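[1] sequence unknown, structure follows:
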């Protein structure tokens, strides 16, 4: 029932919104489908803007104009990371939908060929203490112990301050992000990949998401198939055989498209110049034809019962007032 409520609420928002943003062009295709099913891809909006960028545009993840801080954090300061170490960085959480295990499995052979390499994992726990630990983080630490490399050539550290995180990105030699292929992969955009690009850090990534296309097209690193330790080993050994500086020209070719000023431009433009969508006068008809009819009253009652049970009368009254405000705003 809750899933039906979420879908119904999403459809309602699709019908009343004047401007939408999403994370990348693949997500935009997805949300164009949602908007189409809710009557928003119509002659009025099309004639106002044939590309429909005035209705939905991409405002994803960016990085600052200035490069990250270049001081060292681990190199020469951590007992297992000497000054001449080559740092391979897993630059974010070890979540259940990612694949650190293939990387650790490949590491057994990588360290034989590149004994100066060190694999650093950033963040074994969720930064929100109320969220339980991800099983993948526990499995990764166990596997590192099993191959005898934990706290030797494989180091797990916890979340850092922003300044220390910048230093870690700057001193690393390679950034890694591996994942299985599933529906989340298709639409995701890995923020850690943007971190690596910001730091001009050559990248090893699994294929399948939009950032792996950047890596392949612009020569920003190596792309490997999923769950393939041998290919990960080969790619890492090859990358460790090159200096980080050898990749800099390719990052220059990638350009500034993901600096914040460029990424946020559609949202800034709408805030300064935007207005109501061209089909605003059709909005009441769309709502009366969908959300309140065809059995959705049952969903509304179920939602009210859920809010009452979880948030009490105060929560229910607050949500009801918010709902009435939205209805007044579109009338």
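    Sure thing, it's come through. A quick note: this is a predicted structure, and the numbers were derived from the prediction, not measured.
[2] buried ones in stretch 90-105?
    Across stretch 90-105, burial judged by 16 or more other Cβ atoms under 10 Å covers 90-94, 98-105. Yep, even glycine has a C-beta here, placed from its N, CA and C like the rest.
[3] just stretch 157-176 next, same as before
    Result for stretch 157-176 [16+ other Cβ under 10 Å]: buried residues 165-176.
[4] what is the mean pLDDT for stretch 216-236?
    In this model, stretch 216-236 has an average pLDDT of 97.
[5] Can you name the residues in contact with that stretch?
    Under the criterion Cβ atoms under 8 Å, 6 or more residues apart in numbering, residues 88, 99, 102-103, 105-106, 109-110, 114, 117, 174-175, 178-181, 197, 202-208, 212, 214-215, 238-239, 247, 250-251, 253-254 lie in contact with stretch 216-236.
[6] The buried residues of stretch 157-176 in helices, which ones?
    Among the buried residues of stretch 157-176, the members falling in helices (DSSP state H) are 165-171.
[7] ok, residue 203 touching residue 173?
    No - using Cβ atoms under 8 Å, residue 203 makes no contact with residue 173, being 11.3 Å away.
[8] circling back to that earlier point, for the buried residues of stretch 90-105, which one is nearest residue 48?
    residue 92 (39.8 Å; Cβ to Cβ).
[9] Look at the closest residue to the closest one other than its chain neighbours and say how many residues are nearby.
    Closest residue to residue 92 apart from its sequence neighbours, by Cβ to Cβ, 6 or more residues apart in numbering: residue 192 at 4.0 Å. Neighbour count for residue 192, taken as other Cβ atoms under 10 Å: 22.
[10] Now do the SS call for residue 192.
    Here residue 192 is recorded as helix under DSSP: H, G, I helix; E, B strand; the rest coil.
[11] Against residue 201, how distant is it?
    10 Å (Cβ to Cβ, to the nearest Å).
[12] okay, and the common contacts of those two?
    residue 175.
[13] ranges for the strands of the stretch 101-250 of the chain?
    Taking DSSP state E, counting those that start in this stretch as the criterion, the stretch 101-250 of the chain carries its strands at 117-122, 154-157, 174-177, 203-206, 221-224.
[14] Any chance of these in JSON lines with distance to residue 17 as columns?
    As requested, the strands of the stretch 101-250 of the chain are exported to JSON lines (distance: least, Cβ to Cβ, whole Å):
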{"stretch": "strand 117-122", "distance to residue 17": "36"}
{"stretch": "strand 154-157", "distance to residue 17": "41"}
{"stretch": "strand 174-177", "distance to residue 17": "32"}
{"stretch": "strand 203-206", "distance to residue 17": "33"}
{"stretch": "strand 221-224", "distance to residue 17": "36"}
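[15] what about the ones you listed, which gets the closest to residue 61?
    strand 174-177 (13.4 Å).
[16] other SSEs contacting that closest one?
    Secondary structure elements in contact with strand 174-177, counted by 3 or more Cβ pairs under 8 Å, 6 or more residues apart in numbering; DSSP states H and E, are strand 86-90, helix 191-198, strand 203-206, helix 229-240.
[17] okay, these, which one's buried deepest?
    Of all those, strand 203-206 has the most neighbours on average by mean count of other Cβ atoms under 10 Å, namely a mean of 26.
[18] Just checking, which helix or strand of the protein averages the lowest pLDDT?
    helix 283-288 (a mean of 60; mean pLDDT, DSSP states H and E).
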